[in-house]
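Undergrad: this is a predicted model, with the sequence first.
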Amino acid sequence: MKTEIGKVFRELRQEKEMSLAKASEGVLSISQLSHFECGKGDLTIGKFFALIGNINVSINEFSDLLKKDETTLLLEQAGKIDELANLYEQERKKYRETSKKQDQLNIIALKSMLINYGKFERLTIIEQEILENYFYEIKKWKYSNLQFFAIALTQLDSQSIVFYLDNILEQDNLDNNLILMILRNAIYILAQNNQTEKVKFYLEKFKSLIPQIGNIEIGISYAVQEADLYEVSGNFREAISILEQIAKTYEEFYMPEKAKLYQEEIKKLQQKL
């Protein structure tokens, strides 16, 4: 992961004709930045944001140059929630000084992540309007747009999610892993809001992409969403049947801890019968 990120950073720095000294100013030593660009050193989230700020690049622009979902992995490392919260405050301060749109979008992206982790309740009305306008103005969805949508769609209403997701699915040559992430998040929200027909439609799309990914976890993710749909509709027996198959699959692949998690969920559903 860090090799690709460092390489992209170096390309952007050189494109802007910026020296190592200038790009690293106030963040790292020149040697530390050189090591990072060569894939030989890790960065904290705060230092990563400070570096791309030094070269005047937004997180969306940076992500657009990556072939994989590596920036999200960097941003959502387990145990880094407090650091994300601190970074959010730093970005707010930076935006007050610059008023740049890219800084404003960074704030909304970070806040959306923190909402998902329970640090905030919701976006403000103004932030929601900015988010809606940003997505509405997209003519062709690029990787960075999709990545932002995957993070922020939890802050949209069902109608908006359906509108943008239908638009996304009309495009060709999209990253299947990222589309699966978006579909998974959208299906969960729409199921909670009783959008049954759309959930079924997106589940079929999700299912059609599974063979192209070829990953057992993706197949199980589809099954979990199908079980959630049955649970929301009150068909607990079907939900239990699916979860039993998931637990059995994990046992067959020698993953007893994961099997146990689903067995606990089965017990909870059985109490609703």
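TA: Yep, it's here. Residues are numbered from 1 along each chain as shown.
Undergrad: buried residues in stretch 89-108?
TA: 90, 91, 94, 95, 102, 103, 104, 105, 106, 107, 108 (16 or more other CB atoms under 10 Å). Using the backbone N, CA and C atoms, a C-beta is placed for each residue, glycine as well.
Undergrad: now, those residues that are in strands?
TA: Counting by DSSP state E, none of the members of the buried residues of stretch 89-108 fall within strands.
Undergrad: among those, name the least confidently predicted one.
TA: On pLDDT alone, residue 102 ranks lowest of these, at 78.
Undergrad: show me the shaky parts of the stretch 151-273 of the chain.
TA: 211-218, 253 (pLDDT under 70).
Undergrad: now do the helices in it.
TA: Assigned by DSSP state H, counting those that start in this stretch, the stretch 151-273 of the chain shows helices spanning 158-169, 176-192, 196-213, 216-232, 236-252, 256-270.
Undergrad: and the ones you listed: which comes nearest residue 49?
TA: Among the helices of the stretch 151-273 of the chain, helix 176-192 comes nearest to residue 49, with 21.4 Å by CB to CB.
Undergrad: give the buried residues for that closest one.
TA: In helix 176-192, counting by 16+ other CB under 10 Å, buried: 178-191.
Undergrad: nearest to residue 31, of the residues you listed?
TA: residue 178 (34.7 Å).
Undergrad: ok, now which ones touch the closest residue to that closest one other than its chain neighbours?
TA: Computed as CB to CB, 6 or more residues apart in numbering, the closest residue to residue 178 that is not its neighbour in sequence is residue 146, at 5.1 Å. Each residue near residue 146 by CB atoms under 8 Å, 6 or more residues apart in numbering is listed here: 168, 174, 175, 178, 179, 182.
Undergrad: then residue 188?
TA: 225, 228 are the contacts of residue 188 under CB under 8 Å, 6+ apart.
Undergrad: could you measure from it over to residue 226?
TA: 12 Å (CB to CB, to the nearest Å).
Undergrad: now residue 20
TA: Separation of residue 20 from residue 226 (CB to CB): 51 Å.
Undergrad: was I right about residue 187 contacting residue 203?
TA: Yes - at 6.3 Å, residue 187 counts as touching residue 203 under the criterion of CB atoms under 8 Å.
Undergrad: what is in contact with these two at once?
TA: With CB under 8 Å, 6+ apart as the test, residue 187 and residue 203 both reach 225, 229.
Undergrad: chain center to the helix or strand the residue nearest to residue 178 falls within: distance?
TA: Assigned by DSSP states H and E, residue 146 belongs to helix 143-152. Distance, stretch centre to chain centre, for helix 143-152: 7 Å (CA atoms, centre = their mean, to the nearest Å).
Undergrad: re earlier: okay, the helices of the stretch 151-273 of the chain in TSV with distance to residue 56 next?
TA: Shown next, in TSV, are the helices of the stretch 151-273 of the chain (distance: least, CB to CB, whole Å):
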stretch	distance to residue 56
helix 158-169	28
helix 176-192	26
helix 196-213	36
helix 216-232	37
helix 236-252	47
helix 256-270	44
